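> Make a model of this:
(chains A and B)
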Amino acid sequence: SQTIHQWPATLVQPVGSPLSLECTVEGTSNPNLYWYRQAAGRGLQLLFYSVGIGQISSEVPQNLSASRPQDRQFILSSKKLLLSDSGFYLCAWSRGRIYGYTFGSGTRLTVV
Amino acid sequence: TQLLEQSPQFLSIQEGENLTVYCNSSSVFSSLQWYRQEPGEGPVLLVTVVTGGEVKKLKRLTFQFGDARKDSSLHITAAQPGDTGLYLCAGARGSGGGADGLTFGKGTHLIIQP
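Numbering: from 1, shown residues only, chains lettered A, B, ... in the order given. The predicted structure follows:
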């Protein structure tokens, strides 16, 4: 069966510090991978998606970047965090939209 | 731009009551999904509907996709405290097998009181 792992679960970082969130998928190959951010009252916002190694599509210009160094690994990064980067970050994988997403358990990021 | 409007935003009812939540859009979607999310966890897929007018049942939950594929509803019969959570609808435009992301509504916060 397929599983998705996301860590850390919670993170408190000072403004201006770097960020690296990691997501890995097991039990499937060549998944579509996604990073979403969920802010209170604003729903889930798609940040990045990837259809293969090294292929990243950005949905919203911002202070974040994503990379896919391996088939089942997806990383969300920032060089300098802003207060507005606080939120609940979710990684997900899919075989295609019609099949639905499987989400990770999320990372609660607080920038102070 | 909010493409998917969910209503109500908050709903608190007693155990055993029935309820319906709605997901509406002015856009046409090739498919629509419903997720349930508990605090501090990622959303979990409940159902995908792809055909206009389609109705799917999952135990006490009934999902319907509008004929024009612009709206959907979720009906829960005899709600139980375990149904408590945030219910999210999400729509896909374009081909169903595409990789670009879903559009999510803001969700309905549902509380079932024992």
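
> Tell me where the chain has strands.
Reading this off chain A. Taking DSSP state E as the criterion, chain A contains strands spanning A:3-7, A:10-13, A:19-26, A:32-39, A:43-52, A:55-58, A:65-70, A:73-78, A:87-94, A:102-103, A:107-111.

> Sorry, I should have been clearer: chain B.
Listed in chain order (using DSSP E), the strands of chain B are B:5-7, B:10-14, B:19-24, B:31-37, B:44-49, B:55-58, B:61-65, B:71-76, B:85-92, B:103-104, B:108-113.

> Sheet partners, orientation included, of the longest one?
This means strand B:85-92. Strands that pair with strand B:85-92, judged by DSSP bridges, come out as strand B:31-37 (antiparallel), strand B:103-104 (antiparallel), strand B:108-113 (antiparallel).

> repeat for the third one
Using DSSP bridges, the strands paired with strand B:19-24 are strand B:5-7 (antiparallel), strand B:71-76 (antiparallel).

> tell me how far the longest one is from the chain's mean position?
Its chain's average C-alpha position is 6 Å from that of strand B:71-76, according to CA atoms, centre = their mean, to the nearest Å.

> Could you do the shortest one as well?
What separates the centre of strand B:5-7 from the centre of its chain is 9 Å, taken as CA atoms, centre = their mean.

> Present the strands paired with strand B:85-92 as TSV; the columns should include distance to B:Ala78 and mean pLDDT.
The C-beta positions use only the backbone N, C-alpha and C, and glycine is treated the same way. Converted to TSV, these look like this (distance: least, CB to CB, whole Å; pLDDT from 0 to 100):
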stretch	distance to B:Ala78	mean pLDDT
strand B:31-37	17	94
strand B:103-104	27	90
strand B:108-113	10	97
